[in-house]
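K.L.:
Show me how the following folds:
(chains A, B, C and D)
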Number of protein chains: 2
Amino acid sequence: MEAEQPDRSARDRVLDAAIRIVGESGAGRLTLEAVAEAAGISKGGLLYHFRSKEALLLGLLERHLAGFRERYTAELERRGGGQNARVQAYIQSVLAGDTLGLDHDGSLSLLAAVANDPALLVEVRRQVQDFYQEIGLTHPEPLRATRLMLAAEGLMLMDIFGISVLEPAQRQKLHEELLAEAGVLGGE
Amino acid sequence: MEAEQPDRSARDRVLDAAIRIVGESGAGRLTLEAVAEAAGISKGGLLYHFRSKEALLLGLLERHLAGFRERYTAELERRGGGQNARVQAYIQSVLAGDTLGLDHDGSLSLLAAVANDPALLVEVRRQVQDFYQEIGLTHPEPLRATRLMLAAEGLMLMDIFGISVLEPAQRQKLHEELLAEAGVLGGE
DNA sequence: GGTATAGTACCGTCCGGACGGTACAGGAGC
DNA sequence: GCTCCTGTACCGTCCGGACGGTACTATACC
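P.N.:
Modelled structure (predicted):
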């Protein structure tokens, strides 16, 4: 979170600020002025980096998607490939990072986009669908695989809305169970 | 407190209009004027029924929560009670109604609320947590039960964002599998 | 029966402020 | 002196909400 590198570029700092606002005050309070202030620059400076609010929203979405793909690819490589590894990598990527943290980066990006203009989600839709197509539906046990992936998604949803349905230890156990079960699906 | 008989429909028509706007144009375009127009009344008339935007949002949330509790209670009664029946009733209530429809009534209410002011979700949080507490955590197999519930939640999430990860037939099958598996959990 | 009073349901207008976006004038560093 | 970046000033629009008014109904008192 801290700026150790002199260039956690201005763009990224702006996106971070935007995420912070959405999480704390709601997507409806995501105004250019508020983002600029939270990022420590002026409105003019913000508009230099993102020419419009829509561009800012798209930036948010793009960073989220890129980050997710990156996490997924890394996880998959770590697990050596295979149908079950894909399911595991997906689950791990959805639930990645914080067990209790507040960044939910990607989900808040989605929230911001859908609140301002649902049409922005076209690309997200396409990519998520691709993931499910590639991982779930080509799996020897498509429904079981999909179910595990969706459970991870549900857990993440609860995080977005700030609902802790499980205590941290239980949550961690559920997380591990999902991964474990994905590892022993039939077909491998 | 809650004694309204003469104009039950006007309030509901306003709420319906609000949901329509959120679904079609995004929560960010949910303005009092737009709602009034969509509901076929004037802005003044709208403000007679809901004294502020916050009141409108709360109305949306309240109707959703009441509807969910009602569905859940009915489903539970139909299944005769018991730990597994509770899990089934919950899953059924989450995925209730349309398989492909566009109303996602409740979820859009949540979306509208979280976009305008996350603080409104306090009550929702409390109720959802109660459900998980009552159904999942007191179940003999808490993690398995929770997992099935979360999978239903994930599937619903995909609906909100308009992502069809499964074809209707497959989706239906997954829905039934979740219910079936909830029925044969240990402890009964 | 007639009139006064109160309540319900709604309408149309107005305003202060916030919003997205534009224009432009710098300034640092190459 | 050009590019990259920043800050200030401003514009037109839209929003939430307040307000005053209207039409109709219901009860109340005489």
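
K.L.:
residue contacts, the nearest residue to residue A:25 once chain neighbours are set aside?
P.N.:
Spatial nearest neighbour of residue A:25, chain neighbours left out: residue B:118 (7.2 Å); criterion: CB to CB, 6 or more residues apart in numbering or on different chains. For every residue, glycine as well, the C-beta is placed using N, CA and C. Going by CB atoms under 8 Å, 6 or more residues apart in numbering or on different chains, residue B:118 touches A:23, A:24, A:25, A:26, A:162.

K.L.:
same question, residue A:28
P.N.:
Contacts of residue A:28 (CB under 8 Å, 6+ apart): A:115, B:27, B:28, B:115, B:116, B:117.

K.L.:
I'd like to know how many residues surround the first one.
P.N.:
In other words, residue A:115. Residue A:115: 26 surrounding residues under other CB atoms under 10 Å in any protein chain shown.

K.L.:
Next secondary structure after whatever helix or strand it lives in?
P.N.:
Taking DSSP states H and E as the criterion, residue A:115 maps to helix A:105-116. The C-terminal neighbour of helix A:105-116 among helices and strands, as given by DSSP H and E, is helix A:122-131.

K.L.:
Give me the packing partners of the following helix or strand past that next one, helices and strands only.
P.N.:
Per DSSP H and E, helix A:122-131 leads on to helix A:142-160 as the next helix or strand towards the C-terminus. Applying 3 or more CB pairs under 8 Å, 6 or more residues apart in numbering or on different chains; DSSP states H and E, we find helix A:142-160 packed against helix A:83-94, helix A:105-116, helix A:168-183, helix B:142-160, helix B:168-183.

K.L.:
try 10 Å
P.N.:
helix A:83-94, helix A:105-116, helix A:168-183, helix B:122-131, helix B:142-160, helix B:168-183 (3 or more CB pairs under 10 Å, 6 or more residues apart in numbering or on different chains; DSSP states H and E).

K.L.:
possible to save the ones you listed as TSV with distance to residue A:150 and mean pLDDT?
P.N.:
Shown next, in TSV, are these (distance: least, CB to CB, whole Å; pLDDT from 0 to 100):
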stretch	distance to residue A:150	mean pLDDT
helix A:83-94	10	94
helix A:105-116	15	82
helix A:168-183	10	93
helix B:122-131	17	91
helix B:142-160	3	90
helix B:168-183	8	93
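
K.L.:
Buried residues in the longest helix along chain A, which are they?
P.N.:
Selection of the longest helix in chain A by residue count, based on DSSP state H, yields helix A:53-79. Neighbour counts over helix A:53-79 (16 or more other CB atoms under 10 Å in any protein chain shown) mark A:53, A:56-61, A:63-65, A:68, A:71-72, A:75-76, A:79 as buried.

K.L.:
So which bits of chain A are right by DNA strand C?
P.N.:
A:29-34, A:43-44, A:47, A:51-54 (CB under 7 Å from any atom of the strand).

K.L.:
Give the buried subset of these as a PyMOL selection command.
P.N.:
Buried residues among the residues of chain A next to DNA strand C (16+ other CB under 10 Å), as a PyMOL selection:
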select buried, chain A and resi 30+34+47+53
